[in-house]
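Novice: Here is my input, please return the structure:
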Amino acid sequence: MEFDRTSLPKNSTYHSFRFARHFANEPKNIPDLKKFKGYLNNPFSSGLWKLEATWVENPDISAAIWKDISTEFEKGSLSIKSGKRTKTIKITEDLKETCQFAIHKTMTFYLAMFSSLAEQDGFAIEESEYTSDISETLNLVLDLIDLNKIKKSYNEAYEHFKENILFESFTPAIFDKDLCKHKFGFFISSSSPRDSGKISIIAFESAPLKALSKFLVLIGKITDQTIIPTFSPEEEVLEPYFDILELSYPSSIRQPHLYPLIDKALTNYKNGDYVDCVSALGLAGEDVLTQIFETLNREQLHKGLTLGQLLDEIQRRASLLFKNKNESQPDITTLYETLKKAILESEDKGLAALEVTRQLVTKQQAMNKYILDKIEKSGRPEQVRSLFPARVLTALTELIKFRNASSHKSRIPIGPYESKRCAYCLFVIYIWWDETKTSIDWDLAPEDITKEIIKNSNQ
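Specialist: Numbers count the residues shown, from 1 in each chain. Coordinates of the predicted model:
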């Protein structure tokens, strides 16, 4: 974790590190939404790439920088030019701790330092409302460093940085589990060296991780690095699910009325209120199922139905459209009237008897067929036709299970894993319905629309 309150020393001047949250959930700043949506809809298919490495807290570069800074700090105060003015900064223990933390335990410091080198060499970094200026404290540290000495000592790292990391909209700020980007793509820092002495960074492809890893190796900040794709175990693949959901749901979910429930689920998850998190996701699922029922059946649904009841009602209505009509049993008693009429009114008794016999044989054959069909159907369950594809139906069943567990006392535990599974299940259901709506021929009759969806779902 880079810049998070819990990652800084106690009583440190956190407020001096004012970096804007990257992208601020603005869709126009995320050109490749398909990767985020693809992960949320099927993380086990898209997978994740992960960079893991041991963080070197005090390599040559950090030791040299801190030595120079410490010498300046011994003066007690510093005069720094700020525009046309000169500002005097008092050196406090909090300021020392904050600077030491940044130099020894953050990637942000080194990305900012090499960005400053590039700007000195004339590289223009485009400023935007989503990219804040480097903080006053970090600027202070950079002002005290001999950047030309760094450039000379780490020229290979500098050239790699310019070629593979830097771009016009680059910002060096890395926030805890926030979306970051360099020239080769997006990445998220999921674990910092603060506690474990390791880093863990995830991305949807390997290129961003390879570029970042090489830079950190060249300046000596990491060792024992590995970059591998992860498709299993499930817990690892789902690890950043809520982080990615939070970053991209306003662009992936096109129904703003669902946002309060998703926000509530995200807040509850962060606070460790997993039961309430699942409950909020279940309510969002109920909303989507209500939409499905009312859209396809063109009638308002009775309010207050649970998620399971909603699913049962949708499936029941769908099955009725394909239910076979029960064939009536052949009625042999009608032959008595035919026989009576033949005896009393027919002049040719032989011909009448032949006709009655023919009808009797026909009725008997129909009766035999009716009985055989009954026997055959009794040993074969009637084909069940679902409105939902198997994967969506599985997601619904799982969401119902955890929703019920959160509403009643249950032996099923509700924790971080179950919360992530519920969020995943909700997204699967929503995306299926959202994509189905766009593929429907709405000029068809309601029954024909439902039949077409069922046909596509059962292929």
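Novice: Now for the residue lying closest to residue 177 once chain neighbours are set aside, how many residues are close by?
Specialist: The shortest distance from residue 177 to any residue other than its chain neighbours is 4.5 Å, reached at residue 243 (Cβ to Cβ, 6 or more residues apart in numbering). Every residue, glycine included, has its C-beta placed from N, CA and C. For residue 243, the tally of surrounding residues (other Cβ atoms under 10 Å) stands at 17.
Novice: Using the three-state scheme, assign residue 243.
Specialist: The three-state label given to residue 243 by DSSP: H, G, I helix; E, B strand; the rest coil is helix.
Novice: From residue 202, how far out is it?
Specialist: Residue 243 sits 9 Å away from residue 202 when distances are taken as Cβ to Cβ, to the nearest Å.
Novice: shared neighbours of those two, anything?
Specialist: Residues touching both residue 243 and residue 202 comprise 188, 190, with contact defined as Cβ atoms under 8 Å, 6 or more residues apart in numbering.
Novice: Would you mind giving the domain segments of the chain?
Specialist: Taking automatic domain parsing as the domain assignment, the ranges for the chain are 5-237, 255-323+384-457, 334-378.
Novice: Just the element for residue 374, please.
Specialist: Counting by DSSP states H and E, the element that carries residue 374 is helix 349-378.
Novice: So which bits of that helix are buried?
Specialist: 352, 356, 363 (16 or more other Cβ atoms under 10 Å).
Novice: which residues does the nearest residue to residue 57 once chain neighbours are set aside contact?
Specialist: In space, and not counting its chain neighbours, residue 57 is closest to residue 104: 5.0 Å by Cβ to Cβ, 6+ apart. By Cβ under 8 Å, 6+ apart, residue 104 lies in contact with 57, 58, 62, 66.
Novice: Beyond the lowest-mean-pLDDT helix or strand in the chain, next helix or strand please.
Specialist: Taking mean pLDDT, DSSP states H and E as the measure, the chain has strand 77-82 as its least confident helix or strand, at a mean of 69. Note on strand 77-82: by DSSP H and E, the next helix or strand toward the C-terminus is strand 85-90.
Novice: Partner strands of that following strand and their direction?
Specialist: Strand 85-90 sits in its sheet next to strand 77-82 (antiparallel), going by DSSP bridges.
Novice: neighbours of residue 443, just the number please.
Specialist: Residues near residue 443, counting by other Cβ under 10 Å: 7.
Novice: try the one 4 residues further on
Specialist: Other residues near residue 447 number 13, with proximity taken as other Cβ under 10 Å.
Novice: Please, which helix or strand holds it?
Specialist: Under the assignment here (DSSP H and E), residue 447 is part of helix 446-457.
Novice: Can you lay out the domains of the chain as a markdown table showing distance to residue 249?
Specialist: Putting the domains of the chain into a markdown table (distance: least, Cβ to Cβ, whole Å) gives the following:
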| stretch | distance to residue 249 |
| --- | --- |
| domain 5-237 | 8 |
| domain 255-323+384-457 | 6 |
| domain 334-378 | 47 |
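Novice: ranking the ones you listed by mean pLDDT, which is last?
Specialist: Across those, the stretch with the lowest average pLDDT is domain 334-378; it has a mean of 75.
Novice: so how far is that one off the chain centroid?
Specialist: Centre-to-centre, domain 334-378 and its host chain are 68 Å apart (Cα atoms, centre = their mean, to the nearest Å).
Novice: Likewise for stretch 37-50?
Specialist: Per Cα atoms, centre = their mean, the displacement of stretch 37-50 from the mean C-alpha position of its chain is 8 Å.
Novice: ok but residue 181 is inside a strand, no?
Specialist: Yes: Residue 181 forms part of a strand when assessed by three-state DSSP.
Novice: count of neighbours near it?
Specialist: Using other Cβ under 10 Å as the criterion, residue 181 is surrounded by 20 other residues.
Novice: My guess is it contacts residue 187. True?
Specialist: Yes: at 7.4 Å, residue 181 and residue 187 qualify as touching, with contact defined as Cβ atoms under 8 Å.
Novice: which neighbours do these two share?
Specialist: Taking Cβ under 8 Å, 6+ apart as the criterion, residue 181 and residue 187 both touch residue 208.
Novice: nearest spatial neighbour of residue 179, skipping sequence neighbours?
Specialist: Leaving aside its sequence neighbours, residue 179 is closest to residue 247 (5.0 Å, by Cβ to Cβ, 6+ apart).
Novice: Kindly report the same for residue 208.
Specialist: residue 185 (4.1 Å).
Novice: Test my guess that that neighbour contacts residue 205.
Specialist: Yes: counting by Cβ under 8 Å, residue 185 touches residue 205, with 6.2 Å between them.
Novice: Could you check how far the residue nearest to residue 179 is from residue 230?
Specialist: As defined by Cβ to Cβ, residue 247 lies at a distance of 19 Å from residue 230.
Novice: Residue 301 too?
Specialist: As defined by Cβ to Cβ, residue 301 lies at a distance of 41 Å from residue 230.
Novice: likewise residue 393?
Specialist: From residue 393 over to residue 230 the distance is 27 Å, taken as Cβ to Cβ.
Novice: Equivalent analysis for residue 331, please.
Specialist: Counting by Cβ to Cβ, the gap from residue 331 to residue 230 is 68 Å.
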